[in-house]
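Visitor: What follows is a predicted structure for the sequence shown.
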Amino acid sequence: MEQSSGMPRPELLQVADVVARDKGIERDQVFEAMEQAIQKAGRSKYGQEHDIRANIDRKTGEIKLARYIEVVEEVEDEHMQMTVDQARGRKADAELGEFLVDPLPPIDFGRIAAQTAKQVIVQKVRDAERDRQFDEYKDRIGEVVNGLVKRVEFGNVIVDLGRTEALLRRDECIPREHVKNGDRIRAYIFDVRRENRGPQIFLSRSHPQFMAKLFTQEVPEIYDGIIEIKSVARDAGSRAKIAVQSTDHSIDPVGACVGMRGSRVQAVVSELQGEKIDIIQWSMDPATFIVNALAPAEVAKVVLDEETNRIEVVVPDDQLSLAIGRRGQNVRLASQLTTWDIDILTEADESERRQEEFKARSAQFIEALDVDDVIAHLLVTEGFSSLEEVAYVPRAELAEIEGFDMDVAEELRARALAYLEEQDKVLDAKRVELGVSDELFNVEGLNAAMVVALGENDVKTLDDLADLAGDELREYVGEKNLSETAANDIIMAARAHWFEDEDE
């Protein structure tokens, strides 16, 4: 059975071509929208329960309308389905899964039907346009685009990008930057989302990568890949730091980014409303990189703690305010740039702290080892910081200290071991008194003092420990005593029995 034939409708082809061209969508999508509109009108005329389909000939514009009936084993909807036997009464070779097609006369569109058809076409065209916009921009995240300010609403800027609009939210603008309708603006696409009202393109001028992209446009060596931007930190509208590295040793990356008489960096500064930019040489060595990042401040000494990802920076007294920066800006940006936590001390502070540590360690050795201050001072001067070090270091190493011999070394080791054993007994008694389980005491990575500290914070079983987060565990036992990685390892070890129980 063939579908009913209508008259050729060349005007439909013209309409489809015009709409497709104006909206920048595929001609086929316009025809599909028209077919759906005709189907909707057909169902209004012949009944919503029928499966009515329309087809527009892409060459002639001829409209064909037909009702489709599916051949099934068991009929669930008699308007759209029939059994094989019923179908063979109409078509001898009808097979299961086939559709019988009943042609319908072409619809004479009434005013309401035409209006409905128009609404469907408009909606479908709008959907197709939105899909096109989303497909066009979803792969452009990370690009810098130019646009015109269309309007400003409560500080949010609507930007016309030509074929679509984008949103530059107030918190993504550079502080104290004023834009008005008709201004040309450059911004960074940091997100594209599909939403009910259409695709939303979100722009930013405060994003660190906006500055990186501006440098890429201004510095040919970055565009060509000779210079690499390793990291960026920004305090939008005020100050920024950018770390660069050159793959070609003959090219100075900092000089290339600054340009002749600062021309290249000045172009970026102008675009960012006068933001001060520090261009820094990147280094694989964290200490060197952090010293560079704290520029323009001079650094006297650094002490790295790789476990906690912290670095202690000692600066001359007159450099402290420069290193910290206004409202902590310089050290904050350096920390963001390097991903290290930075503590800044003056030389006077460090000297005072060293003296306090010296006194505290000496006092500990005097009390625990029952020695005079001369021996205690010698131990601290030689770098011994805990009783465990004295107890377990090889005798020969202790005997090498000036004024010590093997007998003194042996005696010091014996006294340190005896003191530690006594402390362990005291701590173990306290652990039992607190009701902390033996299982918890046996967890690798926890010492007796830590276990007692956990008991005092009501963590008494393996399950209690497993329920903690890494930062909670560090807070209970003292952050200095446990790195973040070690804390997470201990908690995972405590949770191991949960997974074993599941497996069983």
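Guide: That came in fine, so what should we check first?
Visitor: Tell me the buried residues in stretch 409-428?
Guide: Ala409, Leu412, Arg413, Arg415, Ala416, Tyr419, Leu420, Leu427 (16 or more other CB atoms under 10 Å). All C-beta spots, glycine's among them, are computed from the backbone N, C-alpha and C.
Visitor: Over to stretch 138-155?
Guide: Val144, Val145, Gly147, Val149, Val152.
Visitor: from these, which is closest to Glu312?
Guide: Val144 (38.7 Å; CB to CB).
Visitor: do you know how far the closest one is from Phe384?
Guide: 58 Å (CB to CB, to the nearest Å).
Visitor: Equivalent analysis for Gln29, please.
Guide: 79 Å.
Visitor: so where's this protein shaky on pLDDT?
Guide: 1-9, 23-24, 107-118, 120-121, 383, 391, 403, 500-504 (pLDDT under 70).
Visitor: quick revisit: can you lay out the buried residues of stretch 409-428 as JSON lines showing secondary structure and distance to Arg194?
Guide: Below are the buried residues of stretch 409-428 laid out as JSON lines (DSSP: H, G, I helix; E, B strand; the rest coil; distance: CB to CB, whole Å):
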{"residue": "Ala409", "secondary structure": "helix", "distance to Arg194": "73"}
{"residue": "Leu412", "secondary structure": "helix", "distance to Arg194": "72"}
{"residue": "Arg413", "secondary structure": "helix", "distance to Arg194": "70"}
{"residue": "Arg415", "secondary structure": "helix", "distance to Arg194": "72"}
{"residue": "Ala416", "secondary structure": "helix", "distance to Arg194": "67"}
{"residue": "Tyr419", "secondary structure": "helix", "distance to Arg194": "68"}
{"residue": "Leu420", "secondary structure": "helix", "distance to Arg194": "64"}
{"residue": "Leu427", "secondary structure": "helix", "distance to Arg194": "59"}
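Visitor: Format those as a markdown table; extra columns: distance to Asp224.
Guide: Converted to a markdown table, these look like this (distance: CB to CB, whole Å):
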| residue | distance to Asp224 |
| --- | --- |
| Ala409 | 63 |
| Leu412 | 64 |
| Arg413 | 63 |
| Arg415 | 67 |
| Ala416 | 62 |
| Tyr419 | 65 |
| Leu420 | 62 |
| Leu427 | 63 |
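Visitor: from those residues, which two are the most distant?
Guide: Ala409 and Leu427 (26.8 Å).
Visitor: on that earlier part again, which one of the buried residues of stretch 138-155 sits closest to Leu100?
Guide: Val145 (53.7 Å).
Visitor: Which secondary structure state is assigned to that closest one?
Guide: strand (DSSP: H, G, I helix; E, B strand; the rest coil).
Visitor: Now do the same contact list for it.
Guide: Leu161, Ala166, Arg186, Ala187, Ile189, Leu203 (CB atoms under 8 Å, 6 or more residues apart in numbering).
Visitor: repeat for Leu304
Guide: Contacts of Leu304 (CB under 8 Å, 6+ apart): Pro286, Ala287, Arg310, Ile311.
Visitor: quick one: which of these sit in helices?
Guide: Among the contacts of Leu304, the members found in helices (DSSP state H) are Pro286, Ala287.
Visitor: who wins for most neighbours among the contacts of Leu304?
Guide: Ile311 (22 neighbours; other CB atoms under 10 Å).
Visitor: any idea how far it is from Pro286?
Guide: Counting by CB to CB, the gap from Ile311 to Pro286 is 7 Å.
Visitor: Give the intersection of the neighbour lists for those two.
Guide: Leu304, Trp340.
Visitor: before we move on, back to that, same list, the contacts of Leu304, but as JSON lines with distance to Gly42 please.
Guide: Shown next, in JSON lines, are the contacts of Leu304 (distance: CB to CB, whole Å):
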{"residue": "Pro286", "distance to Gly42": "72"}
{"residue": "Ala287", "distance to Gly42": "77"}
{"residue": "Arg310", "distance to Gly42": "73"}
{"residue": "Ile311", "distance to Gly42": "74"}
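Visitor: biggest separation within the contacts of Leu304, which pair?
Guide: Ala287 and Arg310 (12.4 Å).
Visitor: So what are the sheet partners of the host helix or strand of Lys230 and their directions?
Guide: Assigned by DSSP states H and E, Lys230 belongs to strand 227-235. Its sheet considered, strand 227-235 pairs with strand 239-246 (antiparallel) by DSSP bridges.
Visitor: residues near the closest residue to Gly455 other than its chain neighbours, how many?
Guide: Ranked by CB to CB, 6 or more residues apart in numbering and with sequence neighbours excluded, the top spatial neighbour of Gly455 is Leu434, at 3.5 Å. Neighbour count for Leu434, taken as other CB under 10 Å: 16.
Visitor: Give me the buried positions along stretch 492-499.
Guide: Going by 16+ other CB under 10 Å, stretch 492-499 has these buried residues: Ala493, Ala494.
Visitor: what does it rub up against?
Guide: Under CB under 8 Å, 6+ apart, the answer for stretch 492-499 is Val443, Glu444, Gly445, Leu462, Leu465, Ala466.
Visitor: Tell me, how many residues neighbour Val313?
Guide: Counted with other CB under 10 Å, the neighbours of Val313 add up to 23.
Visitor: same deal with Leu378?
Guide: Neighbour tally, Leu378, other CB under 10 Å: 17.
Visitor: how far away is it from Glu397?
Guide: Leu378 is 13 Å from Glu397, by CB to CB.
Visitor: do the same with Gln81
Guide: On the measure of CB to CB, Gln81 and Glu397 end up 92 Å apart.
Visitor: Equivalent analysis for Phe154, please.
Guide: With CB to CB as the criterion, Phe154 and Glu397 are 70 Å apart.
Visitor: Cys257 too?
Guide: 51 Å.
Visitor: Show me which of those two is the more surrounded one.
Guide: Taking neighbours as other CB under 10 Å, Cys257 and Glu397 compare with Cys257 leading, 23 against 13.
Visitor: and the closest residue to that one other than its chain neighbours, what helix or strand is that in?
Guide: Of all residues not flanking Cys257 in the chain, Ile279 sits nearest, at 4.8 Å (CB to CB, 6+ apart). Per DSSP H and E: Ile279 is located in strand 276-281.
Visitor: doesn't Gly470 make contact with Ile491?
Guide: Yes - counting by CB atoms under 8 Å, Gly470 is a contact partner of Ile491 at 6.1 Å.
Visitor: From Thr339, how far off is Val192?
Guide: 27 Å.
Visitor: Which one of these two is surrounded by more residues?
Guide: Neighbour comparison, Val192 and Thr339: the larger count goes to Val192, with 19 against 11 (by other CB under 10 Å).
Visitor: is it true that Val101 lies in a strand?
Guide: Yes - counting by three-state DSSP, Val101 is part of a strand.
Visitor: so what's it bridging to?
Guide: Going by DSSP bridges, Val101 forms beta bridges with Tyr68.
Visitor: check contacts around Ile222.
Guide: Phe215, Thr216, Glu228, Ile229, Val244, Cys257.
Visitor: May I have the phi/psi pair for the closest residue to Ser238 other than its chain neighbours?
Guide: Closest residue to Ser238 apart from its sequence neighbours, by CB to CB, 6+ apart: Glu275 at 6.4 Å. Backbone torsions for Glu275, taken as degrees, to the nearest 10, come to phi -60, psi 130.
Visitor: So Glu275 sits against Ile242, correct?
Guide: No - with contact defined as CB under 8 Å, Glu275 does not reach Ile242; the gap is 11.0 Å.
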